[in-house]
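**Student:** Quick one: sequence plus predicted model below, questions after.
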Protein chains: 2
Amino acid sequence: MGPHIVSAFDDDLIAVQARISEMGGLAEDMLSSALEAVKNRDPQLANEVIMRDKRLDALEMQVEELATRVIALRQPMAGDLRLMISALKMASTLERIGDLAKNIARRAVYLASVRPVKVSTSIVRMGTQTLGQLTEVLDAYTSRDTDLAVSIWQRDIEVDEMYNAIFREVVTYMMEDPRTIGLGSQLLFIAKNLERIGDHTTHLAEMVYYIVEGEPLGDDRPKGEPIGLEGL
Amino acid sequence: MGPHIVSAFDDDLIAVQARISEMGGLAEDMLSSALEAVKNRDPQLANEVIMRDKRLDALEMQVEELATRVIALRQPMAGDLRLMISALKMASTLERIGDLAKNIARRAVYLASVRPVKVSTSIVRMGTQTLGQLTEVLDAYTSRDTDLAVSIWQRDIEVDEMYNAIFREVVTYMMEDPRTIGLGSQLLFIAKNLERIGDHTTHLAEMVYYIVEGEPLGDDRPKGEPIGLEGL
């Protein structure tokens, strides 16, 4: 085949990766704005996050179509095939992160309508940590940096431990004042959403490693020890 | 290419689909046992569910390896490629359903250690509904029954409405007796896990439709109206 075909193939590979990076940037932005909406009690910003999720869904479908077409028409081998299969998984994971950010934004609309609570500070702190790891994993993808990917993968335990602390804090808070039970349940779900975003970020780190190294990252990731119920 | 190659190709396609069916059966079984463990307050059964999740993870990796190899070496076209790409997505979704069943089992261990609560009945009823839909979607996959897939896809609203009712019931329960807040939080998370299994089942129905029809199922699935917080 002539250089024209090879070049079109390269263009396709680049296009898929560009969509993944765009999805990553959008997911990052949604999470960041959702946390800001919780912190500043800003329902308008929260509603903007909810709107932006449609774009992420559309991008996921584009990645699926494009990657499937590349696989079918260009029949890539080894590294390039791995890149396309991983793109499908990354797109699905990023879409899920966006969904969780949207869910946090919905709860932020509610939080803005009730009186401020101290425990929100811990949640915003956990969110900042989670967001930082998401930013790093996207950098690791762009720069094919497996050392960074491994380091993110090992740090998921920090988010897990923050979740455990918040669970205890919120349950104590609800017990002290039963009128806050509805509110407390929302805070528990936000913390759980952040913990799941942390898990997804870890999966993204595994995918980056797999793309570069061609083999899966080990199975011995440090996990927060369940110290009772909150670890569930 | 000779008949030998074609036959080996068919064997590979059949092997991937057999693994998907095996994963489906295992996920179904895990959910069923987890619900039984909640209902009968049986921590031993719950622990068996937790153990079985490893097998599901191993099967997902096998599907990934096998489907990727088929795509790379056999370069399937149109319907067969769609089948292999969908297999990757279905394996990932089934693995996630198993994770959620495992999570319910973990909470069942806790529930068995505290005094029985009436609200567990509603949760088991919601679980039975969810399990029924999972069984049906696996049947739809085996028999390539798109009518059944569409009918499951349209019925996700029933599980959503059960979740909303349970949310209200549990929050009322916690307010009436604040000593039950820790317990109530666990019940809320179980109901949320079931609601997510329902969502994943709907996604499986979409994949079955796509495999058979070659185009995505429409975008107008009926969703439960959020009636306040519980709809989040």
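**Tutor:** Ah, there it is.
**Student:** Every contact and neighbour count from this point should use C-alpha atoms.
**Tutor:** OK.
**Student:** Okay, buried residues for the helix or strand containing A:Asp53 please.
**Tutor:** Secondary-structure assignment from DSSP states H and E places A:Asp53 in helix A:43-69. For helix A:43-69, the buried set under the neighbour-count rule, 16 or more other CA atoms under 10 Å in any protein chain shown, comprises A:43, A:45-50, A:52-53, A:56-57, A:59-60, A:62-64, A:66-69.
**Student:** list the helices and strands that helix packs on?
**Tutor:** helix A:3-39, helix A:78-113 (3 or more CA pairs under 8 Å, 6 or more residues apart in numbering or on different chains; DSSP states H and E).
**Student:** deepest of the ones you listed, which one?
**Tutor:** By mean neighbour count, with neighbours taken as mean count of other CA atoms under 10 Å in any protein chain shown, helix A:78-113 ranks first of these at a mean of 22.
**Student:** and that one, anywhere near chain B?
**Tutor:** Yes. With CA under 8 Å from any CA of the partner chain as the criterion, chain B is reached by helix A:78-113 at A:78, A:81, A:85, A:103, A:106-107, A:110.
**Student:** got a list of what the most centrally placed residue in chain A touches?
**Tutor:** Among the residues of chain A, A:Ile97 comes closest to the average C-alpha position under CA atoms, centre = their mean, at 3.8 Å. With contact taken as CA atoms under 8 Å, 6 or more residues apart in numbering or on different chains, A:Ile97 is in contact with A:27, A:197, A:200.
**Student:** Repeat the analysis, applying 10 Å as the threshold.
**Tutor:** By CA atoms under 10 Å, 6 or more residues apart in numbering or on different chains, the contact list for A:Ile97 reads A:24, A:27-28, A:30-31, A:56, A:91, A:103, A:134, A:193-194, A:196-201.
**Student:** Could you check how far it is from A:Met30?
**Tutor:** A:Ile97 sits 9 Å away from A:Met30, going by CA to CA, to the nearest Å.
**Student:** Overlap of the contact sets of those two?
**Tutor:** Joint contacts of A:Ile97 and A:Met30 (CA under 10 Å, 6+ apart) are A:24, A:56.
**Student:** Low-confidence bits of chain A, can you list those?
**Tutor:** For chain A, the stretches flagged by pLDDT under 70 are A:1-6, A:219-232.
**Student:** Spatially nearest residue to A:Met126 (excluding sequence neighbours)?
**Tutor:** With CA to CA, 6 or more residues apart in numbering or on different chains as the measure, A:Met162 is the residue that lies nearest to A:Met126, at 6.2 Å, once sequence neighbours are left out.
**Student:** Also A:Met90?
**Tutor:** Distances taken as CA to CA, 6+ apart put A:Leu204 closest to A:Met90, at 6.5 Å, once the chain neighbours are dropped.
**Student:** That neighbour reaches A:Leu148, doesn't it?
**Tutor:** No. A:Leu204 is not in contact with A:Leu148 according to CA atoms under 10 Å; the separation is 11.8 Å.
**Student:** Quickly list what's touching both of those two.
**Tutor:** When CA under 10 Å, 6+ apart defines a contact, the residues bordering A:Leu204 and A:Leu148 alike are A:137, A:140-141.
**Student:** Could you identify which of these has the most neighbours?
**Tutor:** Counting neighbours by other CA atoms under 10 Å in any protein chain shown, A:Val137 comes out on top of the shared contacts of A:Leu204 and A:Leu148 with 30 neighbours.
**Student:** Surely A:Phe189 touches A:Ala105?
**Tutor:** No. Using CA under 10 Å, A:Phe189 makes no contact with A:Ala105, being 11.7 Å away.
**Student:** Now do stretch A:122-130: distance to the chain's middle.
**Tutor:** 13 Å (CA atoms, centre = their mean, to the nearest Å).
**Student:** Any chance of the helices and strands packed on helix A:43-69 in TSV with distance to B:Val114 as columns?
**Tutor:** Converted to TSV, the helices and strands packed on helix A:43-69 look like this (distance: least, CA to CA, whole Å):
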stretch	distance to B:Val114
helix A:3-39	35
helix A:78-113	30
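**Student:** and A:Val119, how far is that from chain B?
**Tutor:** If you measure A:Val119 against chain B using CA to the nearest CA, to the nearest Å, the figure is 17 Å.
**Student:** wait, what's in contact with A:Asp177?
**Tutor:** The neighbours of A:Asp177, taking CA under 10 Å, 6+ apart as the test, are B:175, B:178.
**Student:** Phi, psi for it please.
**Tutor:** The phi and psi values for A:Asp177, taken as degrees, to the nearest 10, are phi -140, psi 90.
**Student:** just A:Val119 next, same as before
**Tutor:** Phi and psi for A:Val119, reported as degrees, to the nearest 10, are phi -60, psi -20.
**Student:** Now do the contacts for it.
**Tutor:** If you count contacts by CA under 10 Å, 6+ apart, A:Val119 has them with A:166, A:169-170, A:173, A:184, A:187.
**Student:** what does A:Met30 give?
**Tutor:** When the contact criterion is CA under 10 Å, 6+ apart, the partners of A:Met30 are A:24, A:36, A:45-46, A:48-53, A:56, A:97-102, A:104-105.
**Student:** Let me know the secondary structure of A:Leu217.
**Tutor:** Going by DSSP: H, G, I helix; E, B strand; the rest coil, the secondary structure assigned to A:Leu217 is coil.
**Student:** which secondary structure element contains the closest residue to it other than its chain neighbours?
**Tutor:** Of all residues beyond its chain neighbours, the one nearest A:Leu217 is A:Glu206 (5.9 Å), with distances taken as CA to CA, 6+ apart. With elements taken from DSSP H and E, the one containing A:Glu206 is helix A:181-213.
**Student:** The helix holding A:Asp53 to helix A:78-113, inter-axis angle?
**Tutor:** Using axes from the mean of the first three to the mean of the last three CA atoms, to 10 degrees, the inter-axis angle of helix A:43-69 relative to helix A:78-113 is 160 degrees.
**Student:** Perfect, I'm done here.
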